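Student: Below: sequence and its predicted model.
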Amino acid sequence: MVKLILVLSVFTVIQSTTIFDFSKESNLSAWNIVNDDVMGGRSESSFGLDKEGNGEFRGSVSLANNGGFSSVRHRVGKTEISSYSAFILRIKGDGKEYQFRAKTSSADYYSYITYIGTNGEWQEVEIAFDSLYPNFRGRRLNMDNYPGEYLDEIGFLIGNNKEEDFSLLIDWIKIK
């Protein structure tokens, strides 16, 4: 008697969608710097392309005059993303900690955030939507975490309660 064994393999295709893929030809006009100078601080930063075509967020955080942060933001335009569950970033930091930020509407006063530690090497970082929590001016809000239904704005912020120079390279940002 011969027994037949049927083995089924199920492969899940993980599809991703690119939010921004940097190159030497990238148009950065929808990327904007917001530093603590909006409230009297003295931090400085810039956003541009490095010689390889990566996004480069760099500058100096100052605590002078009650300052302490630098950020860069990208207005995506209100996009429905409910069939996805996570952001994926390819970044290279300088060993410092950065916030990754997302907004469902650019008009919201708060952002959904998480912290990313960098190590001086290229890293692919996956951030589950539901791990981003609501935050406003350094305070966690009593609201649900990021719902992952819509995306209007993404960004990065550095504000580690100390004066420091920083540099963060960004290759691409995707959702999956």
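Tutor: Here it is on my side, so go on. Numbers count the residues shown, from 1 in each chain.
Student: residue contacts, the residue nearest the centre of the chain?
Tutor: By C-alpha atoms, centre = their mean, the mean C-alpha position of the chain lies nearest to residue 100, the distance being 3.5 Å. Counting by C-beta atoms under 8 Å, 6 or more residues apart in numbering, residue 100 touches 87, 89, 113, 114, 115, 116, 125, 127, 132, 154, 155, 156. Where you see a C-beta, it was placed from the backbone N, CA and C, and this is true even at glycine.
Student: ok, 7 Å please
Tutor: Contacts for residue 100 (C-beta atoms under 7 Å, 6 or more residues apart in numbering) come out as 87, 89, 113, 114, 116, 127, 156.
Student: Over to the third one: give its phi and psi.
Tutor: So that's residue 113. When read as degrees, to the nearest 10, the backbone of residue 113 gives phi -130, psi 160.
Student: ok, back up a step: what lines up beside the helix or strand hosting the residue nearest to the centre of the chain in the sheet?
Tutor: Take DSSP states H and E as the rule and residue 100 turns out to sit in strand 97-103. When pairing is defined by DSSP bridges, strand 97-103 lines up against strand 111-117 (antiparallel), strand 150-158 (antiparallel).
Student: Report the rounded mean pLDDT for the last one.
Tutor: Averaged across strand 150-158, pLDDT comes to 98.
Student: Okay, buried residues for it please.
Tutor: Applying a neighbour-count criterion of 16 or more other C-beta atoms under 10 Å, one finds 151, 152, 153, 154, 155, 156, 157, 158 buried in strand 150-158.
Student: who's the residue nearest to the centre of the chain bridged to?
Tutor: residue 114, residue 156.
Student: Tell me the pLDDT of it.
Tutor: Looking at residue 100, its pLDDT is 98.
Student: Also residue 39?
Tutor: 84.
Student: where's it relative to residue 65, distance?
Tutor: Distance check for residue 39 against residue 65: by C-beta to C-beta, to the nearest Å, it reads 9 Å.
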